[in-house]
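Novice: Sequence first, then the predicted structure:
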Amino acid sequence: MRYVSTRDNSKEYSFEDVFIKGLADDGGLYVPTSLKKFSTEELYEHKSLNYNDLSTEIINQFSSDFISKDDLSSLIKKSYSTFREKDVVKISNIGDLKLLELFHGPTLAFKDVAMQFIGNLYEYYLSKNDNKINVVVATSGDTGAAAIDAIKNKSNLNIFVLHPNNRISPVQRKLMTTVEDKNVFNIAIDGNFDDCQNIVKQMFSDLEFSKSINMSGVNSINWVRIIAQAVYYFYTYFKLNVDKTISFSVPTGNFGDVFAGYLAKQMGLPVDKLIVATNENDILHRAILNGDYVSKKVKETLSPSMDIQLASNFERLIYYVNSCNSEITSEIMKKIKQNEYQIDKSNLDIIQKDFVSESCDENETLEIIKENYEKNNIILDPHTAVGVGAAKKLDFNDCVVLSTAHPCKFPAATDNAINKHEELPKELQYIHGKKENFQLLENDTEAVKNFVKSKL
């Protein structure tokens, strides 16, 4: 399979390019030139596979020029051997809804599903190449911890994680900053997640710098994250054993997880609607509802991983709804940068065939946590609560809500809602007493570049 950039599709790239570079040199995101579409018969053949084998079948569609199917299978088995669930994810009931629990990995968030695989994929690549890679990643809370756990203590790999200072939960932060491995560097940025993300993009765009340090990225802009996350949409559909389309409600910040659902649908999975569930930072809700893609000031909320205005992966959707026209996509991205983009009616009609959206404010989020604890004896983390709330507000009473994080990571939210919080699993409770180590830097790309260079 070959890949192109959303901003210039005249040149093709290999899976290796896409994986190692993460972001195209022109600032665009990589997408495949074509997609495998499973027939009904082919889907049926995959129905009885366990999670590891299903992952092998799905990911192999995109990576066969880089890694053999046998090696891929071994690598996937290794990646998921540390998960607390035998089949990686778990489906549970919450009233009329289904919860897809994605938080059974080592850092208690859905990011582990893709990140453990990516960490081992780097190791596979470096075993065949005499090279060193420096991973630079921005996090709104969960990506950083998942990336660090996947990359820590690996040879010829360093990881630099940028998080917004005092804008993620203490547990999210400590899962990153208490790691002592010498190849891990935490950076607190005096700004919000969008600022962190912009710094990383600017570092990629500085080709002289990014090539000089052999820079790679594992944010959800990396296509490998998307394909690894698409697997659990297939797995859920097969496990539910239904003969109809199903809908998914996805707590959404950077649009990566919900785009993985869109990818699964484009590959033939019988998905009805993808619900884009946002908190008060509702730019994606406004965009899908009426085309309003103008960013506002980021609000700090109880669901910090969704405190984002400009969702990077939305660019991929823009590319597809504009018939894969990279010139149009490039022009739209310029408008977005100037905060002047409105989605036109024809494109909005296309988007609304696959997506609906809703937002929940802080009071609604707390009420959802309280209601579900009282009715179902289930404690929801605030991001999952937004997913449940969006489904209920839209009257999608028979759908799957992606439960993206363990509630123990957000004690302030659950204490506020029900005067109770879940404890960290025993194997992670050590973070409470360990010293934190991170560097506070101003919101400045040059400052971050200088810090990175000083550590190499």
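Specialist: On my side now, so go ahead.

Novice: just the helices in the stretch 51-200 of the chain please.
Specialist: For the stretch 51-200 of the chain, the helices defined by DSSP state H, counting those that start in this stretch cover 51-63, 69-79, 111-127, 143-151, 170-177, 193-205.

Novice: Run the angle between the third one and helix 51-63 for me.
Specialist: The reference is to helix 111-127. Relative orientation of helix 111-127 and helix 51-63, computed by axes from the mean of the first three to the mean of the last three CA atoms, to 10 degrees: 60 degrees.

Novice: cool, and the last one?
Specialist: With the same axes, to 10 degrees applied, the angle from helix 193-205 to helix 51-63 works out at 50 degrees.

Novice: In terms of secondary structure, what does helix 193-205 contact?
Specialist: strand 133-138, strand 157-164, strand 184-189, helix 207-212, helix 445-454 (3 or more CB pairs under 8 Å, 6 or more residues apart in numbering; DSSP states H and E). Using the backbone N, CA and C atoms, a C-beta is placed for each residue, glycine as well.

Novice: Please convert these to TSV, extending it with distance to residue 227 and mean neighbour count.
Specialist: Output for the helices and strands packed on helix 193-205, formatted as TSV (distance: least, CB to CB, whole Å; neighbours: other CB atoms under 10 Å):
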stretch	distance to residue 227	mean neighbour count
strand 133-138	18	25
strand 157-164	21	25
strand 184-189	26	22
helix 207-212	23	13
helix 445-454	28	15
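
Novice: So which of the helices of the stretch 51-200 of the chain is the most surrounded?
Specialist: Greatest average neighbour count among the helices of the stretch 51-200 of the chain goes to helix 143-151 (a mean of 28), per mean count of other CB atoms under 10 Å.

Novice: just how off-centre is stretch 113-130 within its chain?
Specialist: Offset of stretch 113-130 from its chain centre (CA atoms, centre = their mean, to the nearest Å): 18 Å.

Novice: now the helices of the stretch 51-200 of the chain in CSV, with mean pLDDT?
Specialist: Putting those into CSV (pLDDT from 0 to 100) gives the following:
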stretch, mean pLDDT
helix 51-63, 98
helix 69-79, 98
helix 111-127, 96
helix 143-151, 96
helix 170-177, 96
helix 193-205, 95
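
Novice: before we move on, back to that, list just the one of the helices and strands packed on helix 193-205 that sits closest to residue 309.
Specialist: Residue 309 lies closest to strand 157-164 among the helices and strands packed on helix 193-205, at 12.5 Å (CB to CB).

Novice: Can you list the strands that the closest one pairs with?
Specialist: Strand 157-164 pairs in its sheet with strand 133-138 (parallel), strand 184-189 (parallel), by DSSP bridges.

Novice: For the stretch 301-450 of the chain, which residues score under the pLDDT cut-off?
Specialist: The stretch 301-450 of the chain contains no residues with pLDDT under 70.

Novice: got the residue ranges for the strands in this structure?
Specialist: 3-5, 8-13, 30-32, 90-94, 97-101, 133-138, 157-164, 184-189, 215-216, 246-251, 271-278, 355-359, 400-403, 439-441 (DSSP state E).

Novice: which of those strands sits most buried?
Specialist: strand 400-403 (a mean of 28).

Novice: rewinding a little: and of the helices and strands packed on helix 193-205, who's closest to residue 407?
Specialist: strand 157-164 (20.4 Å).

Novice: one step back: wait, which of the helices of the stretch 51-200 of the chain is closest to residue 237?
Specialist: Using CB to CB, the nearest of these to residue 237 is helix 51-63, at 10.6 Å.

Novice: Quick one: distance of that closest one to the chain centre.
Specialist: 18 Å.

Novice: Give the other helices and strands that it contacts.
Specialist: helix 69-79, helix 223-240.

Novice: Using CSV, write down the CA coordinates of it.
Specialist: This file holds the C-alpha atoms of helix 51-63, laid out as CSV (Å, rounded to 0.1, in the frame of the first residue of the first chain):
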residue,chain,number,x,y,z
TYR,A,51,-8.1,-9.6,19.3
ASN,A,52,-4.5,-10.3,18.5
ASP,A,53,-5.3,-12.2,15.3
LEU,A,54,-7.8,-9.7,14.2
SER,A,55,-5.2,-6.9,14.7
THR,A,56,-2.8,-8.8,12.5
GLU,A,57,-5.4,-9.1,9.7
ILE,A,58,-6.4,-5.4,9.8
ILE,A,59,-2.9,-3.9,10.3
ASN,A,60,-1.4,-6.2,7.6
GLN,A,61,-3.6,-4.5,5.0
PHE,A,62,-1.5,-1.3,5.5
SER,A,63,1.9,-2.5,6.5
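
Novice: So what angle separates the directions of it and helix 69-79?
Specialist: 130 degrees.

Novice: I'd like the helices and strands packed on helix 193-205 laid out as a markdown table, including distance to residue 234.
Specialist: Formatted as a markdown table, these follow (distance: least, CB to CB, whole Å):
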| stretch | distance to residue 234 |
| --- | --- |
| strand 133-138 | 26 |
| strand 157-164 | 29 |
| strand 184-189 | 33 |
| helix 207-212 | 34 |
| helix 445-454 | 38 |
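
Novice: Would you tell me which of these gets closest to residue 297?
Specialist: Closest approach to residue 297 among the helices and strands packed on helix 193-205 is made by strand 157-164 (13.6 Å; CB to CB).

Novice: before we move on, the earlier item: tabulate the helices and strands packed on helix 51-63 (a markdown table), appending distance to residue 431.
Specialist: Formatted as a markdown table, these follow (distance: least, CB to CB, whole Å):
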| stretch | distance to residue 431 |
| --- | --- |
| helix 69-79 | 23 |
| helix 223-240 | 25 |
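
Novice: Identify whichever of those lies nearest to residue 18.
Specialist: Of those, nearest to residue 18 by CB to CB is helix 223-240, at 5.0 Å.

Novice: Make CSV from the helices of the stretch 51-200 of the chain and add distance to residue 88 to it.
Specialist: Below are the helices of the stretch 51-200 of the chain laid out as CSV (distance: least, CB to CB, whole Å):
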stretch, distance to residue 88
helix 51-63, 4
helix 69-79, 9
helix 111-127, 7
helix 143-151, 14
helix 170-177, 19
helix 193-205, 27
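
Novice: Quick check: which of these is nearest to residue 266?
Specialist: Across the helices of the stretch 51-200 of the chain, closest to residue 266 is helix 51-63 (CB to CB), at 11.9 Å.

Novice: contacts for that closest one?
Specialist: Under the contact criterion CB atoms under 8 Å, 6 or more residues apart in numbering, helix 51-63 has outside partners 1, 15, 32, 36, 46, 49, 69, 72-73, 76-77, 80, 87-89, 117, 223, 227-228, 230-232, 234-235, 238, 267.
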